[in-house]
Each structure stands twice: as C-alpha cells, then as structure tokens.
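**Q** Need coordinates for the following:
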Amino acid sequence: MAAVYVLGAGFSRTCGIATDAEMLDALNPLLPRAATKRATFPTSIEAVKDQNFPEGKPVGFELFMSTIAALKFTPEFLNVRPNIFRQAEREIRQALKRYLKDKVAAVEWDADGETILDFVRSVNWKSDTIITFNYDLLLEAGLDKLGVSGKDRVMHLHGSLEDRTLVYPTYRKLAYRTTRTRVAARWNDAYRVLRSLGGSDRLIFVGYSMPPTDLEAKGLFNYTDWYNAYERNPTYTYPIVVVDRNPAVICNYSFVRRPPKLHPMRFAEWFKLGMPI
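**A** Numbering: from 1, shown residues only. Just a heads-up that it's a prediction; the model follows:
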C-alpha cells in the first residue's frame, strides 16, 4: 500500500509560511522602495495593484502573478518604459526566494515544526511519493533534521529554491520551452506515479486548493483520474482525500470521478487525528 501526498500552501502554513492570500503582504516589505525629497515611490506590488486592482480588493499571489505574466509583453507593443511588469516579476522572485529561505531557517522544530517532523516519520520513503507545488524546502529540512533519506521521493512541480527559476501557477506557465525543459521530467514522473495508483493506495491532497489559475496541474490530475477510472477500472477504488480548512475548495475537485473525502481542517489538526481517510 502506497500513498501519494499532494502538498499545497496549507502544508507549509503549519510553520508560518504565508499562503496564497497572505504572500503579497509578506513580500511587500522586502521589495525596494525609492525615496526622493518629494515622495516615496511604491514597491512593485503596490504599483501593479494600483494599476490593475484599483478597488483595493484582496489579491492572491496566484492571481497577481498570472496578471503580471499576461501583461509583461504589453509595454513592448506600446513602446512604454520602464516595463513595470517585468521589473515586478524579477523583484518579487528575488524577494520570494529570500523570504522562503529565511522562514525555513527560522523554523522551531520543537514547536510548530514538530508536526512536520512527525509527518516525515510517518511517510514510507521507499513506497510513498510527495508531489508538491510549494517552492520552499521545508520538507527537505525536516528530512535533514531527522537524518532520513527521501529527497528523491519529493517532486517540486513548480520548482524550488534549489532551481534557478520558479514556475508560477499561471494559465500558460508551460508555454515557454525553457520552463518546460526544466520541469518536464518531474511532471512526467508525477504522471507515471498517479497513473499507477491501485486499489490499496491512497491519494491525499493537503492544503492544495486546485486553483483555477493552475489549469495544467488540474489537467494532470484530471487525465490520470480519467485513465485510472476507465483504462484501469478494477484498480480505481483507492481513496481520494482532500484536507483543507476551507470547505469551498471541494468545488475545484468536481472533475474527480469518485467524490473525494473532505476533511475541512488544517493539516496539523488532521495529522493529530491520525490522518483519517
């Protein structure tokens, strides 16, 4: 019996790492802000928000980065300088890497980090697989802390701090050849693992909302779910579990052909209950 864990921001939130809704506020203080005698210029986040989200409504990291990805070519057509969208993407990428590195380095392993260590102990690192959309190396830090070998079982589909670049969950994130080349092997490995799920296995989504902006990730799960349901029908009895404190996310899993079991709670709460299926 093997388990495939799909980790989203809700997993890392256990150690205080910002979620999608919190990330822009966490990164904004780390961005450069130029000042003159007359005024203080906004950060890249503030400038893009002011131009594209003028009503001041909350904006998540995924929607924000999707907006930048869609608009960063527009100034070239309009011959407008500077290109604030390319500048914002570059500055935010640098701030994000610094923020995540500092947060993982500051984890208190005898406090909030204890849940991560207990999870590492519970994983069968010979048969289980971790598919994660998180950039941080929190799980790897837990493995190092315990002296456990298992990093080869962790697939960062959007890249990690060990990579030169990160993949943002936008509508066309895999449209660029350079991006596809860097992550193609990981996506292929994830496809292979998901397609081989059998009746005694488990597919568990932890803190991952299956966001609408991440169509390619949804396509991966949709296709493998269809394949297992119709091409490998006798084995399509494995439990599918969604652990997320927001019960509304279950609507994003409507494509799954066997209704998932929802546990509307944080990862730490679910883990303390013994990871019920």
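**Q** Which positions in the helix ranked longest in the chain come out as buried?
**A** Assignment by DSSP state H gives helix 84-105 as the longest helix of the chain. Across helix 84-105, burial judged by 16 or more other C-beta atoms under 10 Å covers 84-89, 91-93, 95-97, 99-100, 103-104. (C-beta placed from N, C-alpha, C; glycine too.)
**Q** So which of these is the closest to residue 110?
**A** For the buried residues of helix 84-105, the minimum distance to residue 110 (C-beta to C-beta) is 15.5 Å, reached by residue 104.
**Q** helices or strands up against whichever helix or strand comes after the longest helix of the chain?
**A** Per DSSP states H and E, the first helix or strand lying C-terminal to helix 84-105 is helix 113-122. Secondary-structure packing of helix 113-122 (3 or more C-beta pairs under 8 Å, 6 or more residues apart in numbering; DSSP states H and E): helix 138-146, helix 267-272.
**Q** related to what we said a few turns ago, now what about the longest helix of the chain, what contacts it?
**A** Residues outside helix 84-105 that contact it (C-beta atoms under 8 Å, 6 or more residues apart in numbering) are 15-18, 23, 26-27, 30-32, 43-45, 47-48, 51, 65, 68-69, 71-72, 74-75, 135-138, 141, 161, 165-166.
**Q** quick one, helices of the stretch 151-277 of the chain?
**A** With helices called from DSSP state H, counting those that start in this stretch, the stretch 151-277 of the chain shows them at 177-195, 215-230, 267-272.
**Q** Let me see the residues that make contact with the first one.
**A** Contacts of helix 177-195 from elsewhere in the structure, counted by C-beta under 8 Å, 6+ apart, are 4, 129, 131, 155-159, 163-165, 167, 173-174, 203, 220-221, 223-224, 227-228.
**Q** List the buried residues for it?
**A** Neighbour counts over helix 177-195 (16+ other C-beta under 10 Å) mark 179, 182-183, 186-187, 190, 193-194 as buried.
**Q** Select only the buried ones of the contacts of helix 84-105 in ChimeraX?
**A** Buried subset of the contacts of helix 84-105, written as a ChimeraX selection, criterion 16+ other C-beta under 10 Å:
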select :15,17,18,23,26,27,30,31,43,44,45,47,48,65,68,69,71,72,75,135,136,137,138,141,161,166
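**Q** if you look at the contacts of helix 84-105, which of them are in helices?
**A** If you go by DSSP H, those have 23, 26-27, 44-45, 47-48, 51, 65, 68-69, 71, 74-75, 138, 141 in helices.
**Q** Great, nothing more from me.
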